[in-house]
Structures are given as C-alpha cells and as structure tokens.
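Colleague: kindly generate the corresponding structure for this input.
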Amino acid sequence: MHNNLSEEVEAYLEEIVKRLTDYLKDQLVGVYLFGSASYGAYEPGLSDLDVQAIVKDPLATVEKQAVISRLSQGALSCPATKLEFVVYAQSAVYPANRHPRFELNLNTGRHQPDHVSLDPANESSHWFLLDIAMGHELGRSLYGPDITDAFGAIPRRWILEAIANSLDWHLANELNSANNVLNACRGWQFIVTGEFASKLEGAKWAMQQHGCPDIVGRAIAARNTGDELPAAQVMTLYNMVITANHAKLATDIK
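Modeller: Here you go, the predicted structure:
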C-alpha cells in the first residue's frame, strides 16, 4: 500500500521526523503522513506531501517559528510539488474536535512562496477536519503511536458538514478547476459509501454512477494539462453531489 514512494521521498520524510525530534524532544507525540502518499496514490510531479505532527502542549510563538525555519523550502527542499505541514496540540485532536485548532500551518515548496498561518481563525476549519478524518482511516504513522490512538475518530455527520463547506468554498473560489471536480467526486463517494478514497479513485467511482456528467472524464485528463472546465457542466455534477449530501444529512442522526 505504501511502496510507491521513491527513496528520495522516504528520506525526506525521515529528515522531517529527525528535525522535529531533535528540536521538540519529549514535546513531540507523533508525526503522521496523510494524503495520497499514505495510501498508495502518490504521483510524482502532481502530488503534495501532507504531514501532520502532534505535540503534548501548545507551542510558544518562538517554538513555532523554530519548527517553520527547520522545515521550510529554504532549509529543507521538498521533492514533491509542496509540503503541507500542520502541528496540533494533543488536546485539539484527541478527543476529536468539530473545529480542530492547529498550532501552525505551513505550505512550502519550489513553486510558490511559503504560506504560514499561526492563527486557526484565519483558515477554514473544514479543510483540517477532512484531512484528519481521512488520515484517521488511511494515514501512516512516521513516528509515535498509531494514528487511531493519536487522533480521535471524526463523527460521520461532521464529515458530511465539512464536505458541504468544502463544496461551497470550491463553488466560490475554484469552480473551473480539475481539482475541484475530482474533490467533489471524492466527497460524493464518501456521501454514498461512507468510505474515503483518492481523488482519482473518487472520479472513477463517480463515472460508474447513474447520470454522472462527462465533465468527470474531462477533469481526469485536465489534471495534467491544467485546462479550465466549463462552469455549467461542473455545476451539473455539483448539484448531484450537494443533493446527495443534503439527503444524507437529513437522514443522519445529530
């Protein structure tokens, strides 16, 4: 399941763990690989690396800056398109929290300036909830206890609500992108089956569903070309997914 990562990527992940343990020492609870690299769907040149760490206690600002300075692209070159790195205090993720509050959120890579956030109020919490929910099922421990002992299980209703938030965000900000369509397909698969999958697996699942619009096949091709997709056709898919989600939420016990 995890054997599609190159030696370069594995060495990079090991170096992240080393730098975190060297600096945080006993404060570090665990380090976890989420996203495509954790469940055999990593594609060189397309995929990010998603790494999440848990610390015993909230970090001081100077500690947050020290971690960022050790892992940002200038200090440690990421072999993937970028590193998405999040740190949580233990109490923020175990037991599960509807709006998980991170200590720091760092996106760093070759092709864009670093994005650093130290205040959860500045970021939409649904991204973090969905990452944790998926990681809880499909993630991989790089250091520390098993994922299910580190992150509390996310209730299904919270996941459905976060999918609705994600769909709303993409409608407002990224309607024409292939990523948007594939993300909607992955959400649709979870809504119907209760199972997480990669974006590509979600798209292939969607194409087997009755009435699935042709835009899904176009989105798979557009992953490599970056082509924009026609909004009207994207909306056809969106309306199907949103309708399915509303129906599931209506029957789900609060």
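Colleague: give the contact list for Ala162.
Modeller: By Cβ atoms under 8 Å, 6 or more residues apart in numbering, the contact set of Ala162 is 125-126, 129-130, 133. All C-beta atoms are positioned from the backbone trio N, CA, C, and that covers glycine.
Colleague: spatially nearest residue to Tyr143, not counting backbone neighbours?
Modeller: Leaving aside its sequence neighbours, Tyr143 sits nearest to Val31 (Cβ to Cβ, 6 or more residues apart in numbering; 4.2 Å).
Colleague: phi, psi for that neighbour please.
Modeller: Note on Val31: its backbone torsions stand at phi -130, psi 130 [degrees, to the nearest 10].
Colleague: distance check, it against Ala60.
Modeller: Using Cβ to Cβ, to the nearest Å, Val31 is found at 20 Å from Ala60.
Colleague: so for those two, which sits in the more crowded spot?
Modeller: Val31 (22 against 10; other Cβ atoms under 10 Å).
Colleague: what does the pLDDT read for that one?
Modeller: We have a pLDDT of 98 for Val31.
Colleague: go on, Asn105?
Modeller: Asn105 is assigned 98 on the pLDDT scale.
Colleague: surely it touches Ser117?
Modeller: Yes - contact criterion Cβ atoms under 8 Å: Asn105 and Ser117 qualify, at 4.3 Å.
Colleague: common neighbours of these two, please.
Modeller: Residues touching both Asn105 and Ser117 (Cβ under 8 Å, 6+ apart) are Glu123.
Colleague: how about the helices in the stretch 1-150 of the chain?
Modeller: Taking DSSP state H, counting those that start in this stretch as the test, the helices found in the stretch 1-150 of the chain are 7-24, 61-71, 90-93, 125-138, 147-150.
Colleague: how about the stretch 151-254 of the chain?
Modeller: Under DSSP H, counting those that start in this stretch, the stretch 151-254 of the chain gives helices at 156-173, 178-193, 199-207, 215-225, 231-251.
Colleague: point out the most buried one among those.
Modeller: The highest mean neighbour count among those, using mean count of other Cβ atoms under 10 Å, belongs to helix 178-193: a mean of 23.
Colleague: Ala197 against Trp205, yeah?
Modeller: Yes - look at Ala197 against Trp205 with Cβ under 8 Å: they come within range, at 6.7 Å.
Colleague: what touches both of the two?
Modeller: Shared contacts of Ala197 and Trp205 (Cβ under 8 Å, 6+ apart): Gln189.
Colleague: separation between Glu7 and Glu14?
Modeller: Taking Cβ to Cβ as the measure, Glu7 falls 10 Å from Glu14.
Colleague: residue nearest the centroid of the chain?
Modeller: Centroid-nearest residue in the chain, with Cα atoms, centre = their mean: Asp131, separated by 3.9 Å.
Colleague: need the nearest residue in space to it, chain neighbours excluded.
Modeller: In space, Asp131 is closest to Phe34, 5.7 Å off (Cβ to Cβ, 6+ apart).
Colleague: looking only at neighbour counts, state which of Asn105 and Ser117 leads.
Modeller: Between Asn105 and Ser117, counted using other Cβ under 10 Å, Asn105 has the larger neighbour count: 22 against 14.
Colleague: enumerate every residue touching the more buried one.
Modeller: Contacts of Asn105 by Cβ under 8 Å, 6+ apart are 85-86, 115-118, 123, 128.
Colleague: now, of these, which are buried?
Modeller: Among those, the ones that count as buried by 16 or more other Cβ atoms under 10 Å are 85-86, 118, 128.
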